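Student: Build me a model:
(one chain, ligands or ions: 1)
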Amino acid sequence: MTYPIDMSVKPDVSAHFDEMTNTITYIVKDPNSNHCAIVDSVMDIDYAAGRITYEAADRLIEEINSRGLTVDWIIETHVHADHLSAAPYLQDKLGGKIGVGEKIMVVQETFGKVFNEGTEFERDGSQFDALFKDGDTYMIGSMQAFAMYTPGHTPACMVHVVGDAAFAGDTLFMPDGGSARADFPGGDAATLYDSIMKVLSLPDETRLFMCHDYGPNGRAIEWETTVAEQKAENIHVGGDKTREDFIKFRTERDEQLAMPRLIIPSLQVNMRAGEVPTDKDGNPMLKVPVNAL
Ligand SMILES: [Fe+2]
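Tutor: Numbering: from 1, shown residues only. Purely as a prediction, here's the structure:
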């Protein structure tokens with residue numbers, strides 16, 4: 001696949017860090033117009049209380065409105081397992097199309113079974129406005145963006161590239177954070193390695209924006225790095241680390257990891273493009289499948 005890379009386009013990127021889930025949401029603005037995209041938004045949940053709120057989304061809306069921006073796209077890099085997407089809430093207030101990788105259908109099939117969703121749960125991605133294939137392009141104002149298919153963490157992961165900026169989703173973390181886990185259903189360490197190499201085949205000076213940061217070893221939260229820095233310094237794939245090293249390390253590490261705190265609500269909501277499921281009477285309701293994950 002040859003991707004339409006154009007390093008002369010330099011989007012204006014603003015980051016919003018969500019402390020509850022260590023997620024970074026981006027507003028990606030066209031420098032030549034007031035058009036923008038939102039990447040990986042967050043809806044707040046107090047899971048113990050079953051309470052959903054919109055503080056993070058409202059802060060985003062306030063910034064977008066105060067800057068007078070028009071939202072063309074609300075992008076999900078993948079079906080997140082650690083936070084809920086606020087895409088429908090944002091779309092309602094701001095407009096824009098909700099886009100995700102077309103392999104969402106695989107994720108919907110897998111978790112449709114886990115959560116024993118009935119036939120009313122469509123597994124064709126129709127909850128989203130756009131389903132991207134590898135190399136598909138779309139416009140943010142005058143900027144052409146493209147989606148790069150990067151499975152491994154999940155089967156539907158995509159990295160979105162806009163000019164000299166790439167939104168890494170759950171492939172790489174900051175160089176001292178390494179990489180995303182590859183042990184969810186449909187995940188695979190070797191596939192993730194190959195996807196990471198695809199990301200690192202972008203030009204060295206590409207700005208890479210992370211989806212998550214956990215501030216390893218007590219450092220302050222960071223989210224921006226470059227392809228060159230990742231190639232040199234990433235603790236899981238950089239320097240002289242081989243594919244075999246990575247697969248062995250990733251597989252062993254993943255066996256030690258607990259499930260993300262919000263995986264149960266996140267999957268049910270995010271596989272529906274951010275809509276909360278409802279029971280037979282139409283009340284918002286989440287399930288907990290026992291010993292299924
Ligand atoms: Fe993820």
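
Student: C-alpha only now, for contacts and for neighbours.
Tutor: Noted.

Student: Met210 versus the spatially most central residue of the chain, what's the distance?
Tutor: The chain has Thr77 as the residue nearest its centroid, 3.3 Å off, counting by Cα atoms, centre = their mean. Taking Cα to Cα, to the nearest Å as the measure, Thr77 falls 11 Å from Met210.

Student: ok, now Tyr54?
Tutor: Separation of Tyr54 from Met210 (Cα to Cα): 22 Å.

Student: more crowded one of the two?
Tutor: Higher neighbour count among Tyr54 and Met210: Met210, with 24 against 15, using other Cα atoms under 10 Å.

Student: Would you check that that one makes contact with Ala168?
Tutor: Yes. If you go by Cα atoms under 8 Å, Met210 and Ala168 touch, sitting 5.4 Å apart.

Student: re the thing from before, does the residue nearest to the centre of the chain fall in a helix, a strand, or a coil region?
Tutor: Under DSSP: H, G, I helix; E, B strand; the rest coil, Thr77 falls in the coil class.

Student: how about it, what does it touch?
Tutor: Contact analysis of Thr77 by Cα atoms under 8 Å, 6 or more residues apart in numbering lists 39-40, 100-101, 157-160, 167-170.

Student: Closest one to Val71 out of the residues you listed, please.
Tutor: When the contacts of Thr77 are compared for distance to Val71 (Cα to Cα), Val39 wins out at 10.9 Å.

Student: can you tell me which helix or strand Lys231 belongs to?
Tutor: According to DSSP states H and E, Lys231 maps onto helix 227-233.

Student: Run the chain-centre distance for that helix.
Tutor: With Cα atoms, centre = their mean, to the nearest Å as the basis, helix 227-233 stands 21 Å off its chain's centre.

Student: swap in stretch 29-46?
Tutor: From the chain centre to the centre of stretch 29-46 is a distance of 12 Å (Cα atoms, centre = their mean).

Student: Straight-line length of that stretch, end to end?
Tutor: End residues of stretch 29-46 are separated by 31 Å (Cα to Cα).

Student: taking the mean pLDDT, what do you get for that stretch?
Tutor: Across stretch 29-46, pLDDT averages out at 98.

Student: coming back round to it: and the contacts of Thr77 as TSV, adding distance to Gln268, secondary structure and neighbour count?
Tutor: Formatted as TSV, the contacts of Thr77 follow (distance: Cα to Cα, whole Å; DSSP: H, G, I helix; E, B strand; the rest coil; neighbours: other Cα atoms under 10 Å):
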residue	distance to Gln268	secondary structure	neighbour count
Val39	20	strand	24
Asp40	16	coil	25
Val100	16	strand	24
Gly101	17	strand	29
Cys157	17	coil	30
Met158	20	strand	31
Val159	22	strand	27
His160	24	strand	25
Phe167	24	strand	26
Ala168	23	coil	24
Gly169	19	coil	27
Asp170	19	coil	27
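
Student: so can I have a markdown table of these showing distance to Ala48?
Tutor: A markdown table is the format used below for those (distance: Cα to Cα, whole Å):
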| residue | distance to Ala48 |
| --- | --- |
| Val39 | 27 |
| Asp40 | 23 |
| Val100 | 29 |
| Gly101 | 31 |
| Cys157 | 29 |
| Met158 | 31 |
| Val159 | 32 |
| His160 | 33 |
| Phe167 | 31 |
| Ala168 | 30 |
| Gly169 | 27 |
| Asp170 | 26 |
